[in-house]
Each structure stands twice: as structure tokens, then as C-alpha cells.
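A.B. asks: Coordinates for the following, if possible.
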Amino acid sequence: MRILVVDRSRVFRALWSRMVGTAGHEASMAGTGAEGLARLDIFRAELACVSLSLPDMDGLEFCRAARKKRYGRGLPLILLTSNPDMRIRERAFAAGATDVHDRTNIGELFQQAERYAQPLENLHSGRILFVEDSPTAARYLRRALEPMGIDIVHYASASDALAAFDPSQFDLVLSDILVEGELSGMGLVGCIRQQCPDMTEMPIVAMSGLDDQHQRAELFRLGVNDFITKPFQGDELRTRLCNLLNNKRLMEEVRLQRQKHYEMAMVDPLTGLSNRNALTEFASRFFDEPCSREQPLALILMDLDHFKDINDRHGHLVGDKVLAAIGELLRAVAAPGEVPVRFGGEELLILMPGNDLFDAHTRAEDLRQRIQDLRPAGLPLTASFGVTSREPGSDVEINDLFRAADEAVYNAKAQGRNCVVSVPTRSQESTEQHFG
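C.D. replies: Model prediction:
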């Protein structure tokens, strides 16, 4: 951030210069109003802090002159005074100052000053879908938004804008509500909000030359985030859009952090499979949701044979490579809707909605052969499999499936390992089933 400080006191300028440099910003100091105005064009400041008392003019004159300059029109101007009473504030705002601050509290003043320039400073990218049927108004808005450095995609028709709308391609929608054509701006707002009901994910700003309170209320009911009356002031428009875009980015960061924390809690980092925490969530979906019991549900439980010997002979790093390879295999063979899980240690499972006992046994036999052929980390490896299922309409619970599958794995181990054993749950036949 580039900060221009205009003050007659060398001590004050030195303090500001040190604080600005320490914060990693660029500073330019001027001792007179004329010098400060000259630096506006050269320094391209993003924020100006100006003392009310200057050797050649007062701060109010400086503000009025700065607002007439090209690089001073939208520049945040903070007037510094030792006596910020209401009369001075009124005169300062009338002269074009952004705000008035007590110059004696320089620390707080600097923190406040940073906030004024922060929104535009942070906004280096963004894409706005802009709907306006007036070429003159569209050109004016483009010029007003140039300092933000964002990409503006303009449509004169709301219908064309809706056809081109893709939530992944735009950060904000800005539309006049009285555009000509089959679809009005209000209709566009309604259609977009149906696609993007979360107002933080897709901000919408409506514009109109008619400042009708009932119409505004209806727009907010439709889901706009803000309303701007035309003709608008460029600095106000930029600030409002900046706030919405920055809030959108903050919410995206929050959502990404939540997703990251969810994955840390629900995903086994070694295999990339779901863990036991996630299994509870999936079990609720398959057993508690309406109609969830109207389809079969199979469970394949597998236990890697002699995995402890691999760790003992080759080390845990090699054992981790073996588990990672098995995790990759399970992710590859799992069909959409199926849930591969690392249950614990060398035990892994797959929940398979829509599969009966015969289908699951066939899948387990194929998986057994794949693991035998895999040779992860260059080592021979086999697994013992236990398969069970729930019939449609059955009152079998998730723990019943686990008990049956665990029993089947135990029997597979007893039969010499590297085989598949299927055991129905108790509500089905109680005898062990083998499929050739």
C-alpha cells in the first residue's frame, strides 16, 4: 500500500515514515499542501493522510483540490486534526474528506488508515457479470470500476446474461433491473438466486434509476445482497462491490478450512480411505434415512494376511507402502456410491449399497485375486475376506453386519487364509454360504 502523508511537522512525518516502513508499506512525505498535491500525480497514493493545518493552505482546501485531480477522485482522504469536533467533521465531509481523525493518537490512526485502503488493495482479481442495456451507463461503470482491476463481462440483455451464467465463472452479478427484453433484471435475480441460494457464494447487486421502496423490498426478498440508486458515485460503488467480493472470498476460505478439517477427521491420511469416524456417518445414511432399507446392502470385510510379519521383517515404512497401495486399489475398484473404509490397522472394508450376498461374494473374490497379483512394495501379499449382506426390508443393523462379516473373516483365516467366506446375517439363513 502506498500512503501519502501531508503534515508540517517533521517529527510527525518521521513517525509516520517509520510506522509505514515497518508495516511493509511505501510512504511519501510532504510538508506543504502544494507539495502533497504535486505528489498525487507522481506517487499514485492509495491513501492520503492530511493535516488540517498546513503552511500554505488548510486541509479542507487540500481535499477540495485533490478531488479535482485524476488520481484524487476515489482516493481515501483522512483529515488529521487535534480537535475533531462535529463542526470540523461537517466541513471536512463537505470538502471531500473520507473521515476525520485525532492526530495525537498516531498508533490508532495508523491502524484505521490501513483499513481504509485495505479493500481495494486486496482485490487484484475477480469477474463480474454486468447487465445494462444503456451503452452510456455501461461505459461509465467500466471507467468507475477500472481501479479495482477486475474483469467485467457485459450483456445488454438479461436473457443473454442468464444463458451465459456459470457460478464457477463469476464472482458477482451486477444488474440494472429495468433492462429491455423478455427477461427483466428482477427476473434475472430470481433465476440466479434459484441456482445459487447461498448469498455469500454468489453476491447480487441490483441497480435502478427509480428509488422505489416497495421495489427495493421485493428485490431483497428475491435475494439481492445490495441495491444501488443511479446515478451512482464511483467510490461508493467500488467500496460496496469490494466489500461483497471480499466477504465472498472470506467465506470461501472458511468453507475450504471446514472441508480440510472434515477430511482430517473423516479420511485416513495413509490410505486415502474413509476412517471409522466417517463410517458412522455413512451407516446413518444407509440405515436411518427414509427408504434406505428398501434396497440390499452388502459389506466386505478384509484382513491382510501376516501383515505383522511384514512390519517386523521390513519395517513400518514398508508396511505403510503396502497399506497405501491397498487403499489405492480399493478406491479404484469401488463403484459410485460404495464406501471403502480403513477400519483399523490392516482391516479394511467396503460398504456396498444395492448389492446382495452373491454379488458381494463375486466382487470379494475378484478383489482377493487383485491383491494377490498386486505385490505391493514388491512383496507377496494375500487377504482373507468375510462377506455379509442385508436383504431389502430387513431390520438388520450395522453392528449385525459387522459381527457377521467378522465371523466370516475368522472362518476364512481358519480355512488357510487367502479365501472368501460369506455369512448371512442372523435375520437371513444362519448357515455359512460358499459360492463357486
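
A.B. asks: For the stretch 151-300 of the chain, which residues score under the pLDDT cut-off?
C.D. replies: Within the stretch 151-300 of the chain, the segments meeting pLDDT under 70 span 290.

A.B. asks: what are the phi and psi values for the closest residue to residue 81 other than its chain neighbours?
C.D. replies: Counting by C-beta to C-beta, 6 or more residues apart in numbering, residue 81 lies nearest to residue 52, which is 4.1 Å off, once chain neighbours are set aside. All C-beta atoms are positioned from the backbone trio N, CA, C, and that covers glycine. Residue 52 has phi and psi values of phi -60, psi -30 when expressed as degrees, to the nearest 10.

A.B. asks: and residue 52, how many neighbours?
C.D. replies: 22 (other C-beta atoms under 10 Å).

A.B. asks: show me the contacts for it.
C.D. replies: Residue 52 sits next to 58-60, 79-81, 88, 92 when contact means C-beta atoms under 8 Å, 6 or more residues apart in numbering.

A.B. asks: List the buried residues in the longest helix anywhere in the chain.
C.D. replies: For the chain, the longest helix by residue count, based on DSSP state H, is helix 234-266. Across helix 234-266, burial judged by 16 or more other C-beta atoms under 10 Å covers 234-235, 237-242, 244-246, 248, 266.

A.B. asks: could you dump those to a markdown table with distance to residue 359?
C.D. replies: Output for those, formatted as a markdown table (distance: C-beta to C-beta, whole Å):
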| residue | distance to residue 359 |
| --- | --- |
| 234 | 65 |
| 235 | 66 |
| 237 | 61 |
| 238 | 61 |
| 239 | 61 |
| 240 | 58 |
| 241 | 55 |
| 242 | 56 |
| 244 | 51 |
| 245 | 50 |
| 246 | 52 |
| 248 | 46 |
| 266 | 27 |
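
A.B. asks: nearest to residue 354, of those?
C.D. replies: Using C-beta to C-beta, residue 266 comes nearest to residue 354 of the buried residues of helix 234-266, at 22.6 Å.

A.B. asks: list the contacts for the spatially most central residue of the chain?
C.D. replies: The centre of the chain sits closest to residue 252, judged by C-alpha atoms, centre = their mean, with a distance of 2.1 Å. Shown in contact with residue 252 (C-beta under 8 Å, 6+ apart): residue 201.

A.B. asks: likewise residue 410?
C.D. replies: Taking C-beta under 8 Å, 6+ apart, one finds residue 386 in contact with residue 410.

A.B. asks: What about it? Give its phi and psi, please.
C.D. replies: Taking degrees, to the nearest 10 as the convention, residue 410 sits at phi -60, psi -40.

A.B. asks: what's the pLDDT at it?
C.D. replies: Reported pLDDT at residue 410 in the predicted model: 95.

A.B. asks: Show the backbone phi and psi for residue 417.
C.D. replies: With angles defined as degrees, to the nearest 10, residue 417 sits at phi 70, psi 180.

A.B. asks: Quick one: name whatever helix or strand follows the longest helix of the chain.
C.D. replies: With elements assigned by DSSP states H and E, the helix or strand that comes after helix 234-266 is helix 276-287.

A.B. asks: mind listing what's buried in that next one?
C.D. replies: Buried residues in helix 276-287 (16+ other C-beta under 10 Å): 278-279, 282-283, 286-287.

A.B. asks: Next: stretch 95-112.
C.D. replies: Buried positions in stretch 95-112, judged by neighbour count with 16+ other C-beta under 10 Å: 95-98, 100-101, 103, 106, 109-110.

A.B. asks: Kindly report the same for stretch 182-190.
C.D. replies: In terms of neighbour count (16+ other C-beta under 10 Å), stretch 182-190 has its buried residues at 183-189.

A.B. asks: Could you tell me which of those belong to strands?
C.D. replies: Among these, no member falls in strands (DSSP state E).

A.B. asks: thinking again about what came up before, out of the buried residues of stretch 95-112, list just those in strands.
C.D. replies: Going by DSSP E, the strands hold 100-101 from these.

A.B. asks: Can you add distance to residue 22 and give the buried residues of stretch 95-112 back as a markdown table?
C.D. replies: Formatted as a markdown table, those follow (distance: C-beta to C-beta, whole Å):
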| residue | distance to residue 22 |
| --- | --- |
| 95 | 31 |
| 96 | 30 |
| 97 | 26 |
| 98 | 24 |
| 100 | 25 |
| 101 | 20 |
| 103 | 19 |
| 106 | 13 |
| 109 | 15 |
| 110 | 10 |
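
A.B. asks: The residue nearest to the centre of the chain and residue 132, how far apart?
C.D. replies: Counting by C-beta to C-beta, to the nearest Å, the gap from residue 252 to residue 132 is 27 Å.

A.B. asks: just residue 20 next, same as before
C.D. replies: 39 Å.

A.B. asks: isn't residue 72 right next to residue 43, touching?
C.D. replies: No. Counting by C-beta atoms under 8 Å, residue 43 is not a contact partner of residue 72; they are 11.3 Å apart.

A.B. asks: Between the two, tell me which one has more neighbours.
C.D. replies: Neighbours were counted for residue 72 and for residue 43 using other C-beta under 10 Å; residue 72 has more, 21 against 18.

A.B. asks: For that one, which non-adjacent residue is closest in space?
C.D. replies: residue 66 (3.6 Å).

A.B. asks: Is it correct that that neighbour is in contact with residue 95?
C.D. replies: No. Between residue 66 and residue 95 there is no contact, the gap being 9.4 Å when judged by C-beta under 8 Å.
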